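[1] my questions concern the predicted model and sequence given below.
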Amino acid sequence: ADLFDGIVMAEQRFHGQGFQEGLAEGSHAGLAEGRRSGALHGARVGSEIGCYLGFALTWHSLLQKCTDEKSRKKIRALDSLIGMIQKFPYEDPTYDKLQEDLEKIRGKFKQVCSMLNVQSDFGSGTERSSLTF
């Protein structure tokens, strides 16, 4: 009876072994893919935030010598954008409101671009730049 039991139960045993091996291999591959995806997304966010900060600091420096009311409003908006960027927790991937804060920064950036009469997508006509976010 034991001889036939081993033959009959072989399919179930091999199915269970295959499942466990596939699960282990899939978990390993998923972990590696998740790390790659996270690194890529983090690099994109970092690049975007860095671009906004460089843009804001440059315009802030250019407008420092202007004393008219319009320039002071632009400087206040730039200060606000710079402050938002400096408070952004880009080093903490577990931050709950990461996407919300990023959207606020994007909105403020577009507002500043509008005040400065600058295109916010960095495109020139129909040709798009690789710096668009």
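    Nice, I can see it. Given the structure is predicted, the values throughout are model-derived calculations rather than measurements.
[2] name the element the residue nearest the centre of the chain belongs to?
    With the centre of the chain defined as its mean C-alpha position, the nearest residue by Cα atoms, centre = their mean is residue 45, 3.3 Å away. Here residue 45, judged by DSSP states H and E, is contained in helix 10-63.
[3] mind listing what's buried along the following helix or strand past that helix?
    Elements were assigned by DSSP H and E; along the chain past helix 10-63, the next helix or strand is helix 69-87. Of the residues in helix 69-87, 74, 77-78, 81-82, 84-85 count as buried by neighbour count, 16 or more other Cβ atoms under 10 Å. From N, CA and C alone the C-beta is placed, and that goes for glycine too.
[4] that older thread, residue contacts, the residue nearest to the centre of the chain?
    Counting by Cβ atoms under 8 Å, 6 or more residues apart in numbering, residue 45 makes contact with 90, 102.
[5] report the separation between it and residue 11.
    Here the distance between residue 45 and residue 11 works out to 49 Å (Cβ to Cβ, to the nearest Å).
[6] many thanks, I have nothing further to ask.
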